[in-house]
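Undergrad: Sharing a model that was predicted from the sequence below.
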Amino acid sequence: MKTLTYIIAVLAGLSLTSCIIVTDTPGPAGRPGNAYFGVSYDVYEPYSYWDNNPDIPNDPYLDEYYPTVPGLYEFEYYVNRVDYWYGTYEIWVNAGEPGRPGGRPGRDGLDTYLMLVCNPDGPYEARKSAGTGNTVTTTTLPDGSLQYIITNADGGMKVTMKKTTSTERPSQTPKVFFKK
């Protein structure tokens with residue numbers, strides 16, 4: 001009888017240890033934010049525009065945002081029939097937050113809205129954003145190109161650009177001619 005009581009006590013103790021519920025297990029990470037890109041101007045309408053981003057349609061509307069995927073893209077826009085800017089723009093998005101305790105999912109990343117503003121003195125980036133605290137870094141590269149990087153809580157954009165003429169460098173066939 002003593003042995004049977006001992007065996008029952010051991011089995012009861014073992015069965016209680018197998019019922020542990022872990023509540024600190026983090027949930028899934030939040031989804032990354034979406035990226036949107038568009039083209040605009042604020043001084044003079046560009047003569048034409050081209051980029052190799054497949055998400056930007058031929059004949060895009062100015063001041064219109066188009067959904068896009070993050071990546072590095074080339075662009076060109078003519079200021080007039082001869083002078084143009086060319087370079088690259090890189091888009092990245094805000095990742096979702098890590099999962100939270102208790103199996104709760106992390107917050108989704110904020111969406112990023114980037115507008116490449118094409119002006120005669122070079123493009124710059126404008127942002128429609130819920131975030132604040134833009135950090136801007138501008139650098140002149142050894143080849144004379146200008147590079148700026150803008151980041152904030154919503155993601156960022158890196159633009160590298162250089163001004164030239166159609167006689168110095170052949171250009172791409174534009175997606176759109178704004179001035180016909």
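TA: Thanks, I have it. Numbering: from 1, shown residues only.

Undergrad: On the C-terminal side of the lowest-mean-pLDDT helix or strand in the chain, identify the next helix or strand.
TA: One helix or strand of the chain scores below all others by mean pLDDT, DSSP states H and E: strand 124-128, with a mean of 61. Next along the chain after strand 124-128, taking DSSP states H and E as the criterion, comes strand 135-140.

Undergrad: Okay, the residue nearest to Asn58 when sequence neighbours are not counted and Arg107: tell me how far apart.
TA: Nearest-residue entry for Asn58: Lys175, 4.7 Å, with adjacent residues in sequence omitted and distances by C-beta to C-beta, 6 or more residues apart in numbering. Backbone N, C-alpha and C define where each C-beta goes, glycine included. Distance, Lys175 to Arg107, using C-beta to C-beta, to the nearest Å: 36 Å.

Undergrad: likewise Asn53?
TA: Asn53 is 28 Å from Arg107, by C-beta to C-beta.

Undergrad: Please say which of these two ends up with more neighbours.
TA: Neighbours per residue, other C-beta atoms under 10 Å: of Asn53 and Arg107, the larger number sits with Asn53, 20 against 13.

Undergrad: ok, Val43 - contacts?
TA: 119-121 (C-beta atoms under 8 Å, 6 or more residues apart in numbering).

Undergrad: After the helix or strand where Gln147 lies, which helix or strand is next?
TA: Using DSSP H and E, the element containing Gln147 is strand 146-152. Per DSSP H and E, the first helix or strand lying C-terminal to strand 146-152 is strand 155-165.

Undergrad: Okay, strands next: where are they in the protein?
TA: With DSSP state E, the ranges of strands along the chain come out as 35-40, 48-51, 66-68, 71-78, 83-93, 112-117, 124-128, 135-140, 146-152, 155-165, 176-177.

Undergrad: Tell me which of these lies nearest to Asp59.
TA: The closest of the strands of the chain to Asp59 is strand 176-177. By C-beta to C-beta, the value is 4.6 Å.

Undergrad: model confidence over the closest one, on average?
TA: Throughout strand 176-177, pLDDT has a mean value of 70.

Undergrad: Ok, stretch 92-109 next?
TA: 89.

Undergrad: For that stretch, what is the spacing between the initial and final residues?
TA: Start to finish, the residues bounding stretch 92-109 are 12 Å apart (C-alpha to C-alpha, to the nearest Å).

Undergrad: Check stretch 87-101 too.
TA: End to end - C-alpha to C-alpha - stretch 87-101 spans 44 Å.

Undergrad: Buried residues in it, which are they?
TA: Of the residues in stretch 87-101, 87-89, 91-94, 96, 99 count as buried by neighbour count, 16 or more other C-beta atoms under 10 Å.
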